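J.: Let's see this in three dimensions:
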Amino acid sequence: MSDLTTHTGGCHCGAVRWEVDLPDAFEVEDCNCSMCAMAGNIHVIVPASRFRLMQGAGNLTEYTFNTGVAKHRFCKTCGVKSFYIPRSNPDGVAVTWRCIDDWQDLNVKVNKFDGQHWEKHAHTLAHKSQD
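T.: As a prediction, the model looks like this:
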């Protein structure tokens with residue numbers, strides 16, 4: 001694996017801020033599940049050890065549905081979901097690509113993920129939360 005670089009990011013209003021360690025080039029998931037499709041969420045899944053919430057824990061609210069495994073966390077002030085705990089990788093963190101401060105400068109490959117048929121395809125993401 002290539003060296004990791006620390007990137008900062010957060011929600012729209014700045015109440016929630018975090019750091020994430022990413023390689024120079026990485027993949028993001030463009031999922032079509034009901035939640036991601038409605039929110040336009042494209043995310044990168046990382047091991048929990050590579051994500052650090054720096055501020056705003058008390059400003060987060062959580063939404064779960066269906067199995068309750070995914071923990072969708074939103075800023076109470078601006079409503080932005082800048083990261084969440086994904087159902088496919090409950091031991092990892094899914095960071096919203098466009099909530100990374102320098103997202104436009106990053107070398108990413110966008111992968112289409114068929115979240116509408118999650119049970120059939122989830123295994124293809126299982127490795128993403130491993131170091």
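J.: Quick check: buried residues in the lowest-mean-pLDDT helix or strand in the chain?
T.: Of all helical and strand segments in the chain, the minimum by mean pLDDT, DSSP states H and E falls on helix 118-121, at a mean of 73. Under the neighbour-count criterion of 16 or more other Cβ atoms under 10 Å, helix 118-121 has W118 buried. For every residue, glycine as well, the C-beta is placed using N, CA and C.
J.: Now do it: everything it contacts.
T.: With contact meaning Cβ atoms under 8 Å, 6 or more residues apart in numbering, helix 118-121 is reached by 33, 87-88, 113-115.
J.: Let me see the ranges of the strands in this structure.
T.: For the chain, the strands defined by DSSP state E cover 4-10, 17-23, 25-31, 42-47, 51-55, 60-63, 71-75, 83-85, 92-96, 107-113.
J.: Any stretches of this structure with poor pLDDT?
T.: Residues of the chain meeting the criterion pLDDT under 70: 1-2, 114.
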